[in-house]
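In: model the following, please.
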Amino acid sequence: MDNKFTYLLLMIFTIAGPIGLSFDKKVAFYKNIKLFIVSAGITSLIYVIWDIIFTKNHIWKFNDTYILKHKLFHLPIEEYLFFIIVPYASLFIYECIKSYFPNLKLGGTLPWKIVMVFSTIMMFSNLSKWYTVVTFGLITLIITITFILKNKLFKSISDHLFAAWVVCLLPMSYVNGVLTGKPILIYNDLENCKIRIGTIPLEDFFYHLLYMLMMVFIYEYIKAIKEEKSK
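Out: Numbers count the residues shown, from 1 in each chain. Sure thing, here's the model as predicted:
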């Protein structure tokens, strides 16, 4: 098979399971598709802009051997699919954990405070490295904002959100392992902290955590507003 289909086939493989299980009666994720479109749409727009800027500035690049020839604003078409498929799979996992483990307790906001401290340390110890600074800086900023502005809502979702990220690490490690192992995505190591788990930069795991944090918070915030109006 032509190597140019590698990234596309990876995305099809990634979405197959979540799509097939979205009609599970207990989770019934398909009922939340409108909320997914809004929350993932807002978050993905931010991430696509980030992706375009970083690609244009050679912080990372795509290997033409493994992608289709069509690009839009420096990004391959598959990369836009990535910001639909991976968020769908991540939010699906989050809803599964909420449905099957409604009383899950992982320490409330404590894990997030630990993440915030770690992110702050990583940011200030790597000020010359754009991928590290932006990723960990945004995590610190977003967690701080949620604590200040919507602490009650954040407390109500923090356990399930953190658990969802931990569960997502397994499929995320496979997908990113393929992306960085072939490699489909090539990083400029002058712009990251140079710590890798296998072939995956440390920042990638927190890049995904940041996405989930933003998307799920928007998702639950809109859902709370709708529920309040329906009373």
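In: so which residues of the protein form helices?
Out: Assigned helices in the chain, in chain order: 6-21, 33-56, 77-100, 110-124, 130-149, 151-181, 202-229 (criterion: DSSP state H).
In: would you tell me which one of these is buried the most?
Out: Stretch with highest mean neighbour count among the helices of the chain: helix 77-100 (a mean of 20; mean count of other C-beta atoms under 10 Å). Using the backbone N, CA and C atoms, a C-beta is placed for each residue, glycine as well.
In: for that helix, packing partners?
Out: Packing partners of helix 77-100 (3 or more C-beta pairs under 8 Å, 6 or more residues apart in numbering; DSSP states H and E): helix 6-21, helix 33-56, helix 151-181, helix 202-229.
In: hang on, the earlier thing: want to throw the helices of the chain into CSV with distance to residue 195 and mean pLDDT?
Out: CSV is the format used below for the helices of the chain (distance: least, C-beta to C-beta, whole Å; pLDDT from 0 to 100):
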stretch, distance to residue 195, mean pLDDT
helix 6-21, 24, 89
helix 33-56, 18, 96
helix 77-100, 22, 95
helix 110-124, 9, 95
helix 130-149, 9, 93
helix 151-181, 13, 93
helix 202-229, 4, 92
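In: between the ones you listed, which one is closest to residue 191.
Out: Closest approach to residue 191 among the helices of the chain is made by helix 130-149 (4.7 Å; C-beta to C-beta).
In: any idea how far that closest one is from the chain center?
Out: Taking C-alpha atoms, centre = their mean, to the nearest Å, the mean C-alpha location of helix 130-149 is offset from the chain mean by 14 Å.
In: do stretch 59-67 as well
Out: Distance of stretch 59-67 from its chain centroid, counting by C-alpha atoms, centre = their mean, is 20 Å.
In: and that stretch, average pLDDT?
Out: Throughout stretch 59-67, pLDDT has a mean value of 95.
In: next, the distance between the ends of it.
Out: End-to-end span of stretch 59-67 (C-alpha to C-alpha, to the nearest Å): 18 Å.
In: which parts of it are buried?
Out: If you call a residue buried by 16 or more other C-beta atoms under 10 Å, then stretch 59-67 has these buried ones: 59-60, 62-63, 66-67.
In: mind checking which of these are in strands?
Out: 60, 62 (DSSP state E).
In: can I get the buried residues of stretch 59-67 in JSON lines including distance to residue 5?
Out: Formatted as JSON lines, these follow (distance: C-beta to C-beta, whole Å):
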{"residue": "59", "distance to residue 5": "26"}
{"residue": "60", "distance to residue 5": "21"}
{"residue": "62", "distance to residue 5": "14"}
{"residue": "63", "distance to residue 5": "13"}
{"residue": "66", "distance to residue 5": "8"}
{"residue": "67", "distance to residue 5": "9"}
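In: farthest-separated two in the buried residues of stretch 59-67?
Out: Within those, 59 and 66 form the most distant pair, 19.0 Å apart (C-beta to C-beta).
In: right, and residue 89 touches residue 21 too?
Out: No: between residue 89 and residue 21 there is no contact under C-beta atoms under 8 Å: 10.1 Å.
In: show me the contacts for the residue lying closest to residue 223 once chain neighbours are set aside.
Out: Leaving out its chain neighbours, the residue that sits closest to residue 223 by C-beta to C-beta, 6 or more residues apart in numbering is residue 35, at 6.1 Å. With contact set as C-beta atoms under 8 Å, 6 or more residues apart in numbering, residue 35 has these partners: 219, 222-223.
In: for residue 72, see how far away the spatially most central residue of the chain is.
Out: Nearest to the mean C-alpha position of the chain, counting by C-alpha atoms, centre = their mean, stands residue 208 at 3.1 Å. Per C-beta to C-beta, to the nearest Å, residue 208 is found 23 Å from residue 72.
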